[in-house]
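> Sequence and computational prediction follow.
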Amino acid sequence: MREIGRIIALGLVSTSLAVVLKKESPQFALLLTVVTGVLIFFMVFGYLEGLLQMLRETAERAGVGSGYFAVVLRVIGIAYLTQFGAQLCVDAGETAIGSKIELAGKILMMAAAMPVLTALLEMVMNLF
């Protein structure tokens, strides 16, 4: 609970500074925005290890193969990183580049999911 308070405080202070800086120095305002985004990312990054461990244990108990689990984690990772990168571009006023990053992320997620999709289609074909 304290962590989200610190993240919100950092976000509010950075937003206030960025608004003031934007009038005088838009480059520094953008740099502040990017640095704040990266700091927030690293503030929550440590929680991912515990979450991933819990998901691995749950997948093992459910009998989900480690290969499938790795694919799902890869797709989730691509989705989060894509969203983060696209939002940084949008914050910088480059919505067109942000859109292209989102498109690339969708294509990469589909490519990463292909082994699971192929196995599913083979399983369905073997039923008939």
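All right, it came through fine.

> list the contacts for the spatially most central residue of the chain?
The centroid of the chain falls nearest to Y80 when counting by CA atoms, centre = their mean (1.4 Å). Residues in contact with Y80 (CB atoms under 8 Å, 6 or more residues apart in numbering): none are found. All C-beta spots, glycine's among them, are computed from the backbone N, C-alpha and C.

> For the longest helix anywhere in the chain, which residues meet the burial criterion?
If each helix of the chain is counted by residues according to DSSP state H, the longest one is helix 26-62. For helix 26-62, burial by neighbour count (16 or more other CB atoms under 10 Å) applies to A29, L30, L32, T33, T36, G37, I40, A59.

> Show me where the protein dips below the pLDDT cut-off.
Scanning the chain for pLDDT under 70 picks out no residues.

> where's L73 relative to R56, distance?
Applying CB to CB, to the nearest Å, one obtains 9 Å for the distance of L73 from R56.

> quick one on the thing from earlier: now tabulate the buried residues of helix 26-62 in CSV and tack on distance to S14.
Listed next are those as CSV, based on distance: CB to CB, whole Å:
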residue, distance to S14
A29, 10
L30, 12
L32, 6
T33, 7
T36, 4
G37, 9
I40, 9
A59, 37
